[in-house]
Structures are given as C-alpha cells and as structure tokens.
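Asker: Have a look at this prediction, sequence included:
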Amino acid sequence: MDLTARYTTRTLPAGAGLDDLVARLRGEVIRPGDPTYNDARAVWNAAIDRRPAGIVRAAGAADVRTALAFAHTRGLPLAVRGGGHHVAGLGTVDGGLVLDLGGMRAISVDRVARTAWVGAGTRLRDLDRATQVFGLAVPAGQISDTGVAGLTLGGGTGWLMRRHGLTIDNLLAVELVTADGRVLRASEDDHADLFWGVRGGGGNFGVVTAFQYRLHPVGPIVLGGPILHTLDRAGAALRAYRDFMAGAPDELTAFAVFTTVPAGPPFPRTCTAGGSWRSTSATPGRSKRASGSSPRCASTARPRSTSSARSPTSCARTCSTAPHRAACTTTTRAATCGRWPTRRSTRW
C-alpha cells in the first residue's frame, strides 16, 4: 500500500492532540519518546530515517476511518503503511501521521471456491502458510517479508506470473476506506470505477483494508534455485537466458539479476571477486519439461555455481527475506524450511 496523501504542508507538533485520538481507537498510538517508537517508525529500507509525530497501529477499518478523519481535520501529512517494504519509504513521513496496517493480518481461505480474503497488513509468508494447507497459492511476489498491500496495488510480479499472471490479475475485490470515511467493497460488480482505480489507475483513492484473491493449485513441492556467472560472462549468459526463455514453458519463471554475492561459502571465490550475474528461477508447475531434471541453458554460458532444489512452495519466497541474505542455496533452504527432499544440480 504505502501511498502517501498530503492534505497540506502543515505538520503536527510532537504529541499535540494525540490524546484525543488514542481515546477513539481500538488499536494503539505510538509517539516520540515511547519505548517502541524507533522500532515502529523503521521501514525495510534502512536508508529512510523519518520521524512521524504519531504512528497509528490500526486494529480494523474503524480505526482507519478514525485516523483518516484525524489527519484530515488537522491538515496533517499522512502515510499509509502495509508491509513497509517500499524502497522509497513511502510508508512513513516526517512530522505527520503514519497509519500502520501491520496488525491487520486476518486470512480466510475458501478452498472450494479457491478464493481468499486477506488483511492489508499480511506478509507473503503468512499468505503462503494459510493457502498451502490446501495446496493453493496466490501469484504474488518473490520475497516472503513483502506486504501484500503494496505489492498488489503496484501490480505484483512474482514466481507464478508466467503461468497465472500478475497479482493484480488475480484480485477479485477490495474493502476500502475512502478519504471521506466511507467503507466500501469494490469489485467488477460493485463500484467498478473504484476497483479499476486501485488496480493501476493511480493513487490515493482510499486505504485498502482487505483484498480478495483468486487462488491456484500450486505445489506443495516446487523446483528452484540460483545460477551464478562471473561478470565477464554476462553477455553470453544473458543471450543464453534470452534464447532459453523464448521457448520455456509457462510454468517456469526466471529472473536475470546483476548482483554482488557475499564472500565465503557457499559461493565460489570466482563469484565473489568483481561482481557476478545471477539468474534465479522457480518451476511451480508440473509440465513434462519442468518435472524432471532442472532446465539447461546453452552450453556457451557455463555457470560458476548452481543450486537447485525441490522445496515446499511456502519456502520459495523465504530464502531472500532478510536484507542481509543475498541468496539462498539448497543447504540454507533445507535448514530454513525443514527437512525436505533436495537435489543439487551441477549445471543448468
């Protein structure tokens, strides 16, 4: 979500007027000087260091309405935070009010209809955990710590997109609080213009408090892992990637990334000196081409290091969760996600 609406440029003196807001909320308000303030104002991008006058941790749509009205009547800058993963830090604001939806994580799965209602504070790891009980998944994201709200409203790329589309293609409805305090359900049938708006039509239509998604059968075991080349082989590797993906099955999603990997195991020394090029893939489907050995790229771009593994679908987004975790290997995936059958590949 992480959209920022500014009604005026006036800011709130620290603590001023917040006692009235506290009395009207079911959730909590965190202010400068509170023991949890520094943790509460932090976002995923550690380069963003902003100091809001107050942080509202909403417990539901009613709290969202109250916080919106409070910010509006006082002309305050307002930042809405879902998972706080926005790289530009739009989920926080200096001197204004942060509306933190992180506590709104309720998930209701209808395995017969293959749909799920998901609270706006939900992280992808929570969503995977709830849907994989039924062998289902939402096409959403690559990293388990990402919030569903910002990801969805931004379109939502991920490991399942070649087979099932973007996250936004699988959005069926939203519950939303408008700036004037109305709580609406928008879908193709209800408030269709508003539904169009939140699916890429722009920003600041309101604060989405819940999403309804279409689910797809996925897993429970998928094949995936990184393939690393040294930077001097990037040209050949990219051409091989291009040629291979032109005929790859829709069940296979692969990303090409220029990155720096940490020195030391499990990465070979040749991959940590001078940078590297990485391709990371996941194969959630059951096509004949994907169900056997891992796919192979052209021999003109032999990788320095590869690691593929069959692992639970819920782990596919776990391995790159923390900012300090640059990549995931078979070993770390097995250790993080439990004892699952794994297989190393010496080539791709």
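Answerer: Sure thing, it's come through. Numbers count the residues shown, from 1 in each chain.

Asker: Check this protein and tell me which residue is nearest its centre.
Answerer: With distances taken as C-alpha atoms, centre = their mean, Thr146 lies nearest the centre of the chain, 2.8 Å away.

Asker: mind checking the SS state of the nearest residue to Thr92 once chain neighbours are set aside?
Answerer: Distances taken as C-beta to C-beta, 6 or more residues apart in numbering place Arg50 nearest to Thr92, at 4.6 Å, with adjacent residues excluded. Where C-beta positions appear, they are placed from N, C-alpha and C, glycine not excepted. Applying DSSP: H, G, I helix; E, B strand; the rest coil to Arg50 yields a three-state assignment of coil.

Asker: Kindly report the same for Val80.
Answerer: Three-state assignment for Val80 (three-state DSSP): strand.

Asker: Assign a three-state SS to the residue nearest to Arg51 when sequence neighbours are not counted, would you?
Answerer: Excluding the flanking residues, the one nearest Arg51 by C-beta to C-beta, 6+ apart is Asp94, at 5.8 Å. The assignment at Asp94 comes out as coil when based on three-state DSSP.

Asker: how far away is Asp94 from Pro32?
Answerer: From Asp94 over to Pro32 the distance is 12 Å, taken as C-beta to C-beta, to the nearest Å.

Asker: Now for these two: what residues contact both?
Answerer: Arg51 (C-beta atoms under 8 Å, 6 or more residues apart in numbering).

Asker: Check the separation of the first and last residues in stretch 176-187.
Answerer: In stretch 176-187, first residue to last residue: 11 Å (C-alpha to C-alpha, to the nearest Å).

Asker: so the residue nearest to Arg51 touches Arg50, yeah?
Answerer: Yes. Asp94 is within contact range of Arg50, at 4.7 Å (criterion: C-beta atoms under 8 Å).

Asker: Who has more neighbours out of these two?
Answerer: Arg50 (16 against 12; other C-beta atoms under 10 Å).

Asker: how about the more buried one, what does it touch?
Answerer: 41, 89, 92-94.

Asker: just the helices in this protein please.
Answerer: Here the chain has its helices, by DSSP state H, at 18-23, 37-41, 61-73, 124-131, 148-153, 161-164, 192-196, 234-246, 269-272, 288-291, 330-337.

Asker: Burial-wise, tell me which of these comes out on top.
Answerer: helix 148-153 (a mean of 27; mean count of other C-beta atoms under 10 Å).

Asker: Show me what that helix is packed up against.
Answerer: Helix 148-153 sits against helix 124-131, strand 207-214, with contacts defined as 3 or more C-beta pairs under 8 Å, 6 or more residues apart in numbering; DSSP states H and E.

Asker: Okay, the closest residue to Arg111 other than its chain neighbours and Val218: tell me how far apart.
Answerer: Spatial nearest neighbour of Arg111, chain neighbours left out: Phe134 (4.1 Å); criterion: C-beta to C-beta, 6+ apart. As for Phe134, its distance to Val218 is 10 Å (criterion: C-beta to C-beta).

Asker: Those two: which is more packed in?
Answerer: Taking neighbours as other C-beta under 10 Å, Phe134 and Val218 compare with Val218 leading, 25 against 15.

Asker: Quick check: the residue nearest to Arg111 vs Thr146, distance?
Answerer: The gap separating Phe134 from Thr146 is 22 Å, by C-beta to C-beta.

Asker: follow-up on the earlier one: between the contacts of Arg50, which is closest to Asp232?
Answerer: Gly89 (35.3 Å; C-beta to C-beta).

Asker: for that closest one, what are its contacts?
Answerer: With contacts defined as C-beta under 8 Å, 6+ apart, the neighbours of Gly89 are 43, 45, 47-48, 50.

Asker: which non-adjacent residue is nearest it?
Answerer: Ile48 (3.2 Å).

Asker: what's the spacing between the one you found and Leu124?
Answerer: Using C-beta to C-beta, Ile48 is found at 21 Å from Leu124.

Asker: go on, Val64?
Answerer: 22 Å.

Asker: got it, and Ala40?
Answerer: Applying C-beta to C-beta to Ala40 and Leu124 gives a distance of 21 Å.

Asker: for Gly197, same thing?
Answerer: For Gly197, the distance to Leu124 equals 24 Å [C-beta to C-beta].

Asker: who's in contact with Arg242?
Answerer: Arg242 touches nothing, counting by C-beta under 8 Å, 6+ apart.

Asker: Please report how far it lies from Gly103.
Answerer: Relative to Gly103, and taking C-beta to C-beta, Arg242 is found at 44 Å.
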